[in-house]
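*Asks:* When you get a sec, could you give me coordinates for this:
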Amino acid sequence: MRILSLSTIVGCLLTGVFARSSVYIVSDKNTVTENIPEVSLNGFNSFYSHLMDTSSQQPALFIQESVDQNDQDVLTPWISSSDIFQRKVDSSLMLVLSSVQFNKDILPDMDPSFYVADNNSISYVGIAENTMEHILNKYEDSFATFYTNDKAAFQMGKEHLDQTLTLPSMEAVYESFKSVFNKRDTGIFDMNKDADQLFIREVVMVKTLFDSKELVTKIDLNLIEMNSLELIATEYGANSDQNKQAHLILSDLITEYVIPAFHELNINHSTLSTIVMTPYLKQQHKRDVLSTSAINSVCYPTLEDCNNGTASCSKQGSCIAVKDDCFTCACDSTFTGESCQYIDAVGDFQLLFWTSVLLIVVTTSVVGCVYQSGNTNEGGILMAQSLPKQD
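*Replies:* Purely as a prediction, here's the structure:
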């Protein structure tokens, strides 16, 4: 029993350390593989740049020069079999969901196209932002919608538009939420909790974005980042009813509203939808949730003030609402500080140190068990079969 419990602990720790993100690619033509491959973040970046036609090199040459052999083996069939690499994608949607515990609850009828060896949602948002910026700078008639850090922004070519999307009072937002997702147990959420409010506001805001969206140009770019699942899991637990209902509501939002609206809007254009689900990492939340004293010392009255005052949390975290009129940085698991400006080396060292200690203990226990099972004083027998005696 001692070995089993230690192995379980080590397994949980290793799952957190080596967690990977699930990436779903929905395009005009898809490559179907029997086994779901895994690629590096660099490989995915190269792959996505070709899906969006933002690389100046020939696809095969660029892949060979940019990624390792494993990524080449995975990505080359996509390049050679899909015509999408030979022409520009007119309209794209990148949807990043962080801290997903139950992938199949959100996209029950789809398997990931890739696993990517990176569990940081900021990495994927950065890839999408860089790609969209390249297109916006190149094509003046391109239009982009950004929804990150609970804020919507719009851009036409190089010009940032003075356009806003506001929601009514929180009470009205909650009533709309209950009405739209009435087949789910929406009453399970507590409007007195910040995590629940942010989740409901995110869901209603994203739906409103696509309900009110009009095709203003041929090139339509969309980046949606949703982080509230992490707060729900932190508040109630990863296996709580609230977290499970939140996953099901996101499934309804994506499959019944967002993707159908995006494709209907661009019915005559070549489209690409990329859905990234970063995993829920239980051990990171104790480090991500800021203490009361830290919140009081870095409290900004608005989301915009928080982003401006911290340079968007140094691009290594995101501003979140922790109470009324108080926004502060929630840093990625490897960063710390008021603006997420420092690397949190201590926490990572401790995690690796204790994982190593547990591995040593498990190995020692297994060796001890094997030794005892073969000890003659204990009557242990390593080989029990004997041959029949020959006359």
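
*Asks:* does the closest residue to Asp211 other than its chain neighbours belong to a helix or a strand, and which?
*Replies:* Nearest non-adjacent residue to Asp211, counting by CB to CB, 6 or more residues apart in numbering: Ala261, 7.3 Å away. Glycine gets a C-beta too; all of them are placed from N, C-alpha and C. Per DSSP states H and E, Ala261 falls inside helix 259-265.

*Asks:* and if you look at Ala246?
*Replies:* Here Ala246 sits within helix 241-252, counting by DSSP H and E.

*Asks:* before we move on, the earlier item: okay, now the residue nearest to Asp211: neighbour count?
*Replies:* Ala261 has 16 neighbours, counted by other CB atoms under 10 Å.

*Asks:* before we move on, what about the one 5 residues further on?
*Replies:* The burial count assigned to Asn266 is 19, neighbours taken as other CB under 10 Å.

*Asks:* how close does it sit to Ser121?
*Replies:* The spacing between Asn266 and Ser121, counted by CB to CB, to the nearest Å, is 25 Å.

*Asks:* circling back: what residues does the helix holding Ala246 touch?
*Replies:* 97, 100-102, 105-108, 181, 183-186, 188-189, 196, 199, 203, 226, 228-229, 232-233, 235-237 (CB atoms under 8 Å, 6 or more residues apart in numbering).

*Asks:* Identify each buried residue in it, please.
*Replies:* Within helix 241-252, the residues that count as buried by 16 or more other CB atoms under 10 Å are 242-252.

*Asks:* Would you format those residues as TSV with distance to Phe44 included?
*Replies:* TSV is the format used below for those (distance: CB to CB, whole Å):
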residue	distance to Phe44
Gln242	31
Asn243	27
Lys244	29
Gln245	31
Ala246	26
His247	24
Leu248	28
Ile249	27
Leu250	22
Ser251	24
Asp252	27
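
*Asks:* Adding pLDDT, write the residues you listed out as TSV.
*Replies:* Shown next, in TSV, are the buried residues of helix 241-252 (pLDDT from 0 to 100):
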residue	pLDDT
Gln242	95
Asn243	95
Lys244	96
Gln245	96
Ala246	96
His247	97
Leu248	97
Ile249	97
Leu250	97
Ser251	96
Asp252	96
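
*Asks:* so where's the stretch 251-391 of the chain shaky on pLDDT?
*Replies:* 282-297, 323-324, 333, 344-354, 366-391 (pLDDT under 70).

*Asks:* From Glu175, how far out is the spatially most central residue of the chain?
*Replies:* Compute the mean C-alpha point of the chain, and by CA atoms, centre = their mean the closest residue is Thr278, 2.7 Å away. Thr278 is 31 Å from Glu175, where distance means CB to CB.

*Asks:* Confirm that Ile267 sits in a helix.
*Replies:* No. Counting by DSSP: H, G, I helix; E, B strand; the rest coil, Ile267 falls outside a helix, being coil.

*Asks:* sorry, back to before: list the residues that contact the residue nearest to Asp211.
*Replies:* 210-211, 213 are the contacts of Ala261 under CB under 8 Å, 6+ apart.

*Asks:* Which one (most neighbours) among the residues you listed?
*Replies:* Phe210 (20 neighbours).

*Asks:* residues contacting that one?
*Replies:* Neighbours of Phe210 in contact, by CB under 8 Å, 6+ apart: 257-258, 261-262.

*Asks:* Pull the most distant pair out of the residues you listed.
*Replies:* Within the contacts of Phe210, two members stand farthest from each other by CB to CB: Tyr257 and Phe262, at 9.4 Å.

*Asks:* Compare these two and say which is more crowded by neighbours.
*Replies:* Neighbour count, other CB under 10 Å: between Tyr257 and Phe262, Phe262 has more, with 21 against 17.

*Asks:* one step back: narrow the contacts of helix 241-252 to those in helices?
*Replies:* 105-106, 196, 199, 203, 228-229, 232-233, 235-236 (DSSP state H).

*Asks:* which among those gets closest to Ala152?
*Replies:* Distances from Ala152 to the ones in helices among the contacts of helix 241-252, taken by CB to CB, are shortest for Val203, at 13.7 Å.

*Asks:* Tell me how far the closest one lies from Asp196.
*Replies:* Distance from Val203 to Asp196, by CB to CB: 11 Å.
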